[in-house]
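In: Fold the following.
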Amino acid sequence: MFLGTHAPKLDDKGRMFLPAKYRDELSGGVVITKGQERCLYVFPVDEFTRITEALRTAPVTAKAVRDYSRVFFASASDEIPDKQGRITVPPALRSYAGLQRDCVVIGANTRLEIWDTEAWETYLAGQEDSFADAAEEVLPGIL
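Out: Below you'll find the model as predicted:
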């Protein structure tokens, strides 16, 4: 489970440090791909494999499945962290997420998300009131 908010910076080669507390868990490799709201998803290999299996069983005749799968897999890049715990974020993914230098990495349960700092702050500002004012359960019976 990935939690918290971290603030790494991209270097001139497009590399960034993974949060220190997750480096051991992610040392075997990650898959980075496009996420919703113009962020990037970072999955441990095992979790990406689980998602792949789930999408494999989805009906290919469903246009939404085909569309999502094409973007999701075509933009995916498998990366192995270097000895210092850095990964390289490919240029196309940096462009998609608007990443320059200042980034935010958030824990999102089974994945990490990489956001441009300004984009994250804007998104969070727009969501915090909704979160605080939630009048019904988002997940009935759970929370």
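In: Roughly how far does the nearest residue to Pro90 once chain neighbours are set aside sit from Ser69?
Out: Excluding the flanking residues, the one nearest Pro90 by Cβ to Cβ, 6 or more residues apart in numbering is Ser77, at 4.9 Å. Heads up, the C-betas are built off the backbone N, CA and C, glycines and all. Using Cβ to Cβ, to the nearest Å, Ser77 is found at 16 Å from Ser69.
In: same thing with Thr5?
Out: Taken as Cβ to Cβ, the span from Thr5 to Ser69 is 30 Å.
In: Quick check: longest helix in this protein by residues?
Out: helix 117-132 (DSSP state H).
In: Can you show me the CA trace of that one as CSV?
Out: C-alpha atoms of helix 117-132 as CSV (Å, rounded to 0.1, in the frame of the first residue of the first chain):
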residue,chain,number,x,y,z
THR,A,117,3.4,20.3,-8.5
GLU,A,118,1.1,23.1,-9.8
ALA,A,119,-1.4,20.7,-11.4
TRP,A,120,-1.5,18.7,-8.1
GLU,A,121,-2.1,21.8,-6.0
THR,A,122,-4.9,22.9,-8.4
TYR,A,123,-6.5,19.5,-8.4
LEU,A,124,-6.3,19.1,-4.6
ALA,A,125,-7.8,22.6,-4.0
GLY,A,126,-10.7,21.7,-6.1
GLN,A,127,-11.3,18.3,-4.4
GLU,A,128,-10.7,19.1,-0.7
ASP,A,129,-14.1,20.9,-0.2
SER,A,130,-15.9,18.0,-1.9
PHE,A,131,-14.0,15.5,0.3
ALA,A,132,-14.8,17.4,3.5
